[in-house]
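>>> Turn this into a structure:
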Amino acid sequence: MNSSVLIWRTMKGFKISPYILASILLMLLFSMMQMTRQSLSKPVHAQEQSQERKDYFYLPVGSANVSNVSEQDYRELITDFQSHYQSAVIQTTGMPLLIPNEWNSPYFTAFAIKRDTYMQVSLWGGMARAPGFTKLQLAAALCHEIGHVIAGEPRQTIPGSDWASTEGNSDFYAARVCLPDYLRRHPELAKTLVINARIQHMCGANESCQQVAQIGFDLVNSFQRYSYREFTPVSLDVRAAAVTELVRNSYPTDQCRLDTFLAGASCQLGQQCHAPTCWLPAQQ
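Residues are numbered from 1 along each chain as shown. Below is the predicted model of the structure:
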């Protein structure tokens with residue numbers, strides 16, 4: 001799957017392949033089933049969490065409760081990624097990169113998709129406006145989507161998406177390569193970060209490690225706020241269990257995604273680093 005959450009909206013002139021459309025509708029149906037099941041089986045506090053999350057699917061321009069990300073922030077972000085990764089995408093795929101301005105879209109999603117003549121990475125405005133998201137978290141999300149396009153093996157085997165790097169590999173690319181590079185280009189943004197003491201201990205005085213790890217931690221927590229998954233808090237003090245088979249065509253657990261960002265952050269320390277075994281078996 002090449003998106004965090006896919007919500008479909010019919011737009012004039014916007015073409016969606018039958019496979020992508022079927023995938024979107026299937027995910028939407030699954031999400032609705034999950035939310036219904038939770039509301040029937042959980043105590044009152046869990047129902048309140050569902051109530052808190054219900055509006056994230058639809059946050060049009062002008063909504064009252066939104067993030068601090070402005071339209072200018074959004075434009076700067078997609079323009080930066082479009083320009084910076086154009087040559088890498090052409091070199092890798094033979095096609096240009098398009099990151100359209102979709103600020104006006106009210107829905108929450110980021111995804112990568114292969115079009116007939118170009119590669120598209122999208123970040124819809126509803127996600128940028130979702131409460132709790134920051135410009136740095138959105139940069140990390142775009143890094144993940146760029147990773148789908150250029151991070152290489154291991155790739156998915158889903159028909160129509162076999163060009164795309166796995167979710168775990170895309171997270172690892174985001175943390176190891178893309179996000180540190182973005183922070184070097186925009187050091188002023190890192191001043192907004194409050195670094196967790198546990199992350200400071202893990203990274204020592206290395207600011208790049210600290211920043212990538214903190215952004216990853218913040219991003220996973222923001223995704224959890226709006227996820228259809230069963231909520232299990234992530235921790236900086238434990239690691240997800242190792243797998244014996246590659247997690248190829250689905251998302252790793254939330255804890256594993258955090259572990260992947262932490263592993264990518266540790267690569268900034270200048271020592272040998274590896275993707276975590278929670279999605280990539282040790283023997284691979």
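
>>> what stretches of this structure score poorly on pLDDT?
Regions of the chain meeting the criterion pLDDT under 70 cover residues 1-56, 284.

>>> 90 instead?
Along the chain, the model assigns pLDDT under 90 to residues 1-57, 227-231, 271-272, 282-284.

>>> mind listing the helices in it by residue range?
18-41, 44-53, 71-93, 125-129, 135-150, 167-173, 179-185, 197-203, 207-226, 254-266 (DSSP state H).

>>> export the ones you listed to JSON lines and tack on mean neighbour count?
Where you see a C-beta, it was placed from the backbone N, CA and C, and this is true even at glycine. Below are the helices of the chain laid out as JSON lines (neighbours: other Cβ atoms under 10 Å):
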{"stretch": "helix 18-41", "mean neighbour count": "13"}
{"stretch": "helix 44-53", "mean neighbour count": "12"}
{"stretch": "helix 71-93", "mean neighbour count": "15"}
{"stretch": "helix 125-129", "mean neighbour count": "26"}
{"stretch": "helix 135-150", "mean neighbour count": "25"}
{"stretch": "helix 167-173", "mean neighbour count": "27"}
{"stretch": "helix 179-185", "mean neighbour count": "18"}
{"stretch": "helix 197-203", "mean neighbour count": "15"}
{"stretch": "helix 207-226", "mean neighbour count": "22"}
{"stretch": "helix 254-266", "mean neighbour count": "25"}
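
>>> Could you measure from the most centrally placed residue in the chain over to Phe111?
Nearest to the mean C-alpha position of the chain, by Cα atoms, centre = their mean, lies Ala141 at 3.7 Å. Look at Ala141 and Phe111: by Cβ to Cβ, to the nearest Å, they are 10 Å apart.

>>> and the residue nearest to Trp103 when sequence neighbours are not counted, how far is that from Thr192?
Using Cβ to Cβ, 6 or more residues apart in numbering and skipping the chain neighbours, the partner closest in space to Trp103 is Gly125 (4.2 Å). In this view, Gly125 and Thr192 are 21 Å apart by Cβ to Cβ.

>>> what does Pro106 give?
Distance, Pro106 to Thr192, using Cβ to Cβ: 26 Å.

>>> re earlier: surely the residue nearest to the centre of the chain meets Leu219?
Yes. Here Ala141 reaches Leu219: they are 6.8 Å apart, a contact under Cβ atoms under 8 Å.

>>> Overlap of the contact sets of the two?
Counting by Cβ atoms under 8 Å, 6 or more residues apart in numbering, no residue touches both Ala141 and Leu219.

>>> what sits against Ala128?
With Cβ under 8 Å, 6+ apart, Ala128 has these contacts: 67, 69, 73-74, 103, 138.
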